[in-house]
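Asker: Show me the folded form of this:
(2 chains)
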Protein chains: 2
Amino acid sequence: MFEIEANDRKTEARAGVLQTENYRVKTPVFMPVATKGSVKTLSNHELIGAGVEALISNALLLYLKPGIDVISDAGGLHRFMNWKRAIFTDNGGFQAIREEFSPVFSKKGITFSSPFDSSRHLITPEKIIGIQEVLRSDVALALDDCPSYGTGYNRAEDSVKRTTQWAKRSLDVKSREGQLLFCIAHGGVFHELRIRSAEELAELNFDGYAIGGLSIGEPKKVMMEMIEISIKAIPREKPRYLMGVGSPVEVLDAIARGVDIFDSAFPTRNARHNAVYTEKGKYNIAKAKNLMLFEALEEGCSCYACKHYTRAYISHLMRVYEALGMRLVTLHNIHFMERLMRNAREAIVTGEFDEFREMFKNSFLS
Amino acid sequence: MFEIEANDRKTEARAGVLQTENYRVKTPVFMPVATKGSVKTLSNHELIGAGVEALISNALLLYLKPGIDVISDAGGLHRFMNWKRAIFTDNGGFQAIREEFSPVFSKKGITFSSPFDSSRHLITPEKIIGIQEVLRSDVALALDDCPSYGTGYNRAEDSVKRTTQWAKRSLDVKSREGQLLFCIAHGGVFHELRIRSAEELAELNFDGYAIGGLSIGEPKKVMMEMIEISIKAIPREKPRYLMGVGSPVEVLDAIARGVDIFDSAFPTRNARHNAVYTEKGKYNIAKAKNLMLFEALEEGCSCYACKHYTRAYISHLMRVYEALGMRLVTLHNIHFMERLMRNAREAIVTGEFDEFREMFKNSFLS
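Answerer: Residues are numbered from 1 along each chain as shown, chains lettered A, B, ... in the order given. Model (predicted):
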């Protein structure tokens, strides 16, 4: 199911293949988010052209809209979206427990308000597994309890306890052959709890292990420590998935610590807020000086936006809020991220990941 | 410059070719609007794939943003947009004199507030020609005075008078070889004024004649009368352009009266508001019943949206306000309009336009 093809010489980085029901996903992999069943503004063919191997969608949001009856009748999420490569589905816990949805915890699960119409819904570990089995995603995620950044030790300890209980209940009800099930390790910013969570989950023999509750406000140094601690407790042969991290440098630093899988709305959301990614760093395309630059968003990039339009034109589109502008910058940023992952993988295979990472950082942060 | 290739047997419809500096535009033609330099959500390759022969952009809005220095430095609007087929530029008078921009008329021209930052600007017939010459559009439009629907005879008479004066001043300053210049006939809903305006302008020997101030609230019957009256006074050998009309049936009815060129934001704006065009009429894609229809937006359509996605999926996207939904429906509606124009042209060439129109209306309005 998960095969490690190469280990880097100096770092913990590894290159692997995650064989899912629908696709062989080369790792390290970055997944754009298709929260509601679409990567904002982009078509499937554009995603494939960028080299996207897997998307992550949100089971809970799809359960609310369009509803799982619709996706069941479509024959699953792949058919509904007409996406033939891998799909991960997030469990939606991260959304459900945000304060604005007034979450209430009970032994059964979490009750929360729908972001669409404020109706109250109960999600349980069992129900979330059931939803994801109907969605037929390649990889399902067991319900977790993800506290906000800044909550204290006691809340973090509760989350660890609850997450392990929920993970067990998820395994107990899982029934779909072929669908992989990952759990999500927690522990806030507390060493001891991170170890405990990962160790408890490691005993349960999931198909893969996510690390959750990071990149939500903590300092970067703390995040990297938590990643290292968590990974030590996760079986080597299992894929490791760092949730919600998508800044290029953080992705490379996490790969160096042994992470295989990433997802983040960052490159796409940033695109809609004018940030263009290049090897030489990010820049704000809406700044007026771009209006006079009749060159590609990034020199040497082969994406549709870079091949057919200028910075000047795209800058104009963004400055007057034309949807095509957001689409072109989103497409470019996804191309950038996927190229970064391919290059990272190649460097791991040749044993030169650390050098690659240093070079990239020197250029990107200069 | 304009060649009539065929006249329909029963109606005034004709099939022609408008040879511009950049492209041979087959008429009748429908132009999607690229007001600020982009057809909302669509790429150039998608427009070409739909068979779009010409776009219309807005000279005044481009003058305000990004500014004509930018487009001049780019080498003109074609290069700025990377669009190689024809571009018409509207003069922006229609925008400038909307009440919210506090227009003030003087002998020189119109002073109005920018929709972007409320700064005051003076536009004159001479300035608008100058702007369009810098933009290097294929077809420029002389500044006109377009009163709102419901204004009385005196205001309409003033508009006719002013429009003729401005048309003369526009011809006087025009200097760019190769760029065609059209004027815009007015006269409100008054027979006598429509005749007077068209006759006065006809004497001035423009490259083409637009009919303005229609489809702004008047009954459809009145609109068709005004078109007939205006066209009688326009030289037969000149292209006739009905501005702002884009509903499929009205387009066909205007073609039957001898109109060659159309533009409208209707098919694209409608798409963003959930209206899908089909041979069997329009429908609202956001209605819940579409969620269970796992078929194309329109059976038999060859557009990307119809070939790769279902009504159910696109309905879901529209219901959760995903940008990809608007993009796919916009693409479909543009395909629909361009196919309609190709079919209309073919029917004219074979002398069966009236039958084609009846069949289309029976199906579309059923």
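
Asker: Surely A:Leu242 and A:Val259 touch.
Answerer: Yes - between A:Leu242 and A:Val259 there is a contact under C-beta atoms under 8 Å: 4.5 Å. Where you see a C-beta, it was placed from the backbone N, CA and C, and this is true even at glycine.

Asker: Need the residues touching each of the two.
Answerer: Residues touching both A:Leu242 and A:Val259 comprise A:Ile211, A:Ile227, with contact defined as C-beta atoms under 8 Å, 6 or more residues apart in numbering or on different chains.

Asker: and the spatially most central residue of chain A, which of the three is it?
Answerer: The C-alpha lying nearest the average C-alpha coordinate of chain A belongs to A:Asp263 (C-alpha atoms, centre = their mean; 1.5 Å). Put simply, A:Asp263 is strand when judged by DSSP: H, G, I helix; E, B strand; the rest coil.

Asker: Do I have it right that it meets A:Phe30?
Answerer: Yes - under the criterion of C-beta under 8 Å, A:Asp263 lies in contact with A:Phe30, with a separation of 7.3 Å.

Asker: Find residues that contact each of these two.
Answerer: Common contact partners of A:Asp263 and A:Phe30 (C-beta under 8 Å, 6+ apart): A:Gly246.

Asker: Show me where the stretch 101-250 of chain A has its strands.
Answerer: Counting by DSSP state E, counting those that start in this stretch, the stretch 101-250 of chain A has these strands, from start to end: A:104-105, A:110-113, A:120-123, A:139-141, A:180-185, A:208-211, A:240-242.

Asker: The residue lying closest to A:Phe2 once chain neighbours are set aside and A:Ala86, how far apart?
Answerer: Across the structure, with C-beta to C-beta, 6 or more residues apart in numbering or on different chains as the measure, the residue nearest A:Phe2 apart from its sequence neighbours is A:Pro239 (4.7 Å). Computed as C-beta to C-beta, to the nearest Å, the A:Pro239 to A:Ala86 distance reads 12 Å.

Asker: neighbour count winner among these two?
Answerer: In this comparison of A:Pro239 against A:Ala86, neighbours counted by other C-beta atoms under 10 Å in any protein chain shown, the higher total goes to A:Pro239 at 28 against 25.

Asker: Quick one: name the residues of the stretch 51-200 of chain A near chain B.
Answerer: Residues of the stretch 51-200 of chain A found near chain B, taking C-beta under 8 Å from any C-beta of the partner chain as the criterion, are A:Lys65, A:Pro66, A:Gly67, A:Val70, A:Asp73, A:Ala74, A:Phe80, A:Met81, A:Asn82, A:Phe116.

Asker: separation between the residue nearest to the centre of chain A and A:Val39?
Answerer: From A:Asp263 across to A:Val39, the span is 11 Å (C-beta to C-beta).

Asker: joint contacts of the two?
Answerer: A:Pro32, A:Val33.

Asker: quick one: which of the residues of the stretch 51-200 of chain A next to chain B is nearest to B:Ile348?
Answerer: Distance from B:Ile348 was checked for each of these by C-beta to C-beta. The minimum falls on A:Asn82, at 38.1 Å.

Asker: residues in contact with the nearest residue to A:Leu171 once chain neighbours are set aside?
Answerer: Closest residue to A:Leu171 apart from its sequence neighbours, by C-beta to C-beta, 6+ apart: A:Leu204 at 6.1 Å. If a contact means C-beta under 8 Å, 6+ apart, then A:Leu204 has A:Thr164, A:Ala167, A:Lys168, A:Leu171, A:Cys183 as its contacts.

Asker: Widest-spaced pair of these?
Answerer: Put simply, by C-beta to C-beta the two of those set farthest apart are A:Thr164 and A:Leu171, 11.0 Å from each other.

Asker: And the helices in the stretch 51-200 of chain A, which stretches?
Answerer: All helices of the stretch 51-200 of chain A, identified by DSSP state H, counting those that start in this stretch, fall at A:59-64, A:68-74, A:77-81, A:93-96, A:125-135, A:153-173, A:191-202.

Asker: now the last one, how far from the centre of its chain.
Answerer: The reference is to helix A:191-202. Relative to the chain's own centre, helix A:191-202 is displaced by 21 Å; criterion: C-alpha atoms, centre = their mean, to the nearest Å.

Asker: what sits up against that helix?
Answerer: Residues lying outside helix A:191-202 but in contact with it, judged by C-beta under 8 Å, 6+ apart, are A:153, A:156-157, A:160, A:163-164, A:167, A:183, A:185-188, A:209, A:211, A:225-226, A:229-235.

Asker: What parts of the stretch 201-350 of chain A come near chain B?
Answerer: Residues of the stretch 201-350 of chain A lying close to chain B (C-beta under 8 Å from any C-beta) are A:291-292, A:294, A:304, A:308-310, A:312-313, A:315-317, A:319-320, A:322-328.

Asker: Cool, thanks, signing off.
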